[in-house]
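Engineer: Would you be able to build a 3D model of this:
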Amino acid sequence: MKVRCRKLGIFGGTLNPIHVGHLRLAEDVREEYRLDRIVFIPASIPPHKEVAGNVDASHRVHMVRRSIAHNEHFLCDDVEVKRGGVSYTIDTVEYVYENYGFEDRPSFILGSDLLKEILTWKNIEELSRKVHFIVLLREDVPTGRPVPGLHDFPSYELFKKRKIDITSSDIRERVKQGRSIRYLVADSVLQYIMRNRLYRD
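Structural biologist: Residues are numbered from 1 along each chain as shown. Sure, this is the predicted structure:
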């Protein structure tokens, strides 16, 4: 058993690279829903998204670990990278049930941009019974409006996130152009990207 806690959150995605926006949103969710721990799980090969930047998955894991090293509420699990192949959320959630101890159903944190495809996720009905979805809404989306894809599921909440205009794609492009990414990522991640010459191509 890796961790025991009452309320656990799951934060997945390519995290390519993880940036301060990811960290701040995770902290907002942790505080709002009183989660004891949030586990970051970098995807190996996501089924609905291409991993840009030609960066080995192990680099993304190392950057996550460096980013969260000083937050006792955050941890990183490289299960999807070690497993290899396409990363299906239901497989990872089943792994979490087998390897983590918690009392409440774990909260799965996802961006509202994923709602358009969520009904195509593997075993989505079973997944919706195993986790509590926390959907990060953009600041300009009203929380009272129905959410396509999730309205039939019994366990989800809409969380209006703070406006953070930072994206991993912009960070990758800045590195490629030789522009500064200071204060967009943790200093330890900045140093790691520079030392390993990531995102140059």
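
Engineer: Flag the shaky bits of the protein, pLDDT-wise.
Structural biologist: Low-confidence segments of the chain (pLDDT under 70): 1, 48, 139-154.

Engineer: Show the residue spans covered by the strands in it.
Structural biologist: 3-4, 8-13, 37-42, 74-76, 100-101, 107-111, 132-137, 156-160 (DSSP state E).

Engineer: of all the ones you listed, which lies closest to Val185?
Structural biologist: Of all these, strand 37-42 sits nearest to Val185, with 14.2 Å by C-beta to C-beta. Just so you know, the C-beta spots here come from the backbone N, C-alpha and C atoms, and that holds for glycine as well.

Engineer: so who does Cys76 touch?
Structural biologist: Cys76 sits next to Val39, Phe40, Ile41, Pro42, Val61, Val64, Arg65, Ile68 when contact means C-beta atoms under 8 Å, 6 or more residues apart in numbering.

Engineer: Nearest to Asn16, out of those: which one, please.
Structural biologist: Using C-beta to C-beta, the contacts of Cys76 come closest to Asn16 at Pro42, 8.2 Å.

Engineer: How much space separates the residue nearest to Pro47 when sequence neighbours are not counted from Arg66?
Structural biologist: With C-beta to C-beta, 6 or more residues apart in numbering as the criterion, Pro47 has its nearest non-adjacent residue at 5.1 Å, and that residue is Val86. Separation of Val86 from Arg66 (C-beta to C-beta, to the nearest Å) stands at 26 Å.

Engineer: With neighbour numbers in mind, choose between the two.
Structural biologist: Comparing Val86 with Arg66 by other C-beta atoms under 10 Å, the one with more neighbours is Arg66, at 20 against 14.

Engineer: who's in contact with that one?
Structural biologist: By C-beta under 8 Å, 6+ apart, the contact set of Arg66 is Ala186, Ser188, Val189, Tyr192.

Engineer: Could you double-check that the second one lies in contact with Ser67?
Structural biologist: Okay, so that is Ser188. Yes. Counting by C-beta atoms under 8 Å, Ser188 does reach Ser67; the two are 6.9 Å apart.

Engineer: of the two, who's got more company?
Structural biologist: Shown here are Ser188 and Ser67; by other C-beta under 10 Å, Ser67 has more neighbours (25 against 16).

Engineer: which ones are touching that one?
Structural biologist: Per C-beta under 8 Å, 6+ apart, neighbours of Ser67: Ile18, His22, Leu23, Val185, Ala186, Ser188, Val189.

Engineer: follow-up on the earlier one: partner residues bridging the residue nearest to Pro47?
Structural biologist: On the basis of DSSP bridges, Val86 is bridged to Ile45.

Engineer: Asp201 and Val55 touch, don't they?
Structural biologist: No. Using C-beta under 8 Å, Asp201 makes no contact with Val55, being 9.6 Å away.

Engineer: Neighbour count for these two, which is higher?
Structural biologist: A direct count of neighbours by other C-beta under 10 Å for Asp201 and Val55 places Val55 higher, at 19 against 8.
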